[in-house]
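Novice: I would like the atomic coordinates for the input below:
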Amino acid sequence: MNKEIEEILKYLEQRSDYVIWAGFAQHAHLGLPYSPDVDVYVDSVSALEEISQELHNLDWRLEPHQEKTYRWNKLERNDTTFDVVYTDDASNLLFNDIVVIDIYGHKLRFISKEWLFITKLGQLTWPDRTEEKRTRDIEVLQKLRESMDVEKIKHIASQLPEKYWELGEI
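Specialist: Coordinates of the predicted model:
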């Protein structure tokens, strides 16, 4: 683990307004390798702004993005990225099913295996997803199927917003 990832984990451990998803979540749940980045959803726009500003003040380069259905700030330093994302739907859905996992000596908030499954399915449909990431997503989905709660998946699917079915986004 590089020093930037360690800094992100230490920083997040002090907060309760985030949930880790994507590659670092698959690492925590399945032990699969992760790329040098951490992706989080936050529960409010103010959390997105606060986290982004605090890390920017610690010499992380900040790139704000405003998309049609979400806000996303990308922070970068030394080839490590920290993506902080806010959507209304994520704040209403993902934060009801958080799993705390002790990883590298840090107790951190992660999406459940079932939500990881759903988000990975959605990512498979993204038009700009690289073949390498698609292949990795399929591997993750296959491994998650071995240990996830199918009834929980059915319940989650019934709650998904329209944009998930249209765009693969929460």
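
Novice: C-alpha from now on. contacts and neighbour counts both.
Specialist: Will do.

Novice: hey, which helix is longest across this structure?
Specialist: The longest helix of the chain (DSSP state H) is helix 131-145.

Novice: Give me the helices and strands touching it, please.
Specialist: helix 22-30, helix 113-124 (3 or more CA pairs under 8 Å, 6 or more residues apart in numbering; DSSP states H and E).

Novice: out of those helices, which comes closest to residue 3?
Specialist: Smallest distance to residue 3 across these (CA to CA): 15.3 Å, for helix 22-30.

Novice: what packs against the closest one?
Specialist: Going by 3+ CA pairs under 8 Å, 6+ apart, helix 22-30 lies up against strand 37-42, helix 113-124, helix 131-145.

Novice: just checking, residue 36 touches residue 80?
Specialist: Yes. Under the criterion of CA atoms under 8 Å, residue 36 makes contact with residue 80 at 5.0 Å.

Novice: Also compute the angle for the longest helix of the chain relative to helix 113-124, please.
Specialist: 150 degrees (axes from the mean of the first three to the mean of the last three CA atoms, to 10 degrees).

Novice: buried residues in helix 131-145?
Specialist: In terms of neighbour count (16 or more other CA atoms under 10 Å), helix 131-145 has its buried residues at 134, 136, 137, 140, 141, 143, 144.

Novice: mind listing the strands for the chain?
Specialist: Secondary structure of the chain (DSSP state E): strands at 18-21, 37-42, 61-66, 71-77, 80-86, 98-103, 106-111.

Novice: In contact with residue 66: list those residues for me.
Specialist: By CA atoms under 8 Å, 6 or more residues apart in numbering, the contact set of residue 66 is residue 72.

Novice: Give the residue spans of the chain that score low on pLDDT.
Specialist: Along the chain, segments meeting pLDDT under 70 are nowhere present.

Novice: residues contacting the spatially most central residue of it?
Specialist: Central residue of the chain (CA atoms, centre = their mean): residue 21, 2.3 Å from the mean position. Taking CA under 8 Å, 6+ apart, we find residue 21 in contact with 38, 39, 40, 41, 110, 111, 116.

Novice: 10 Å - rerun?
Specialist: Residues counted as contacts of residue 21 (CA atoms under 10 Å, 6 or more residues apart in numbering) are 27-28, 38-41, 94, 109-113, 115-116, 119-120.

Novice: between these, which is nearest residue 2?
Specialist: The shortest approach to residue 2 among those belongs to residue 38, at 11.9 Å (CA to CA).
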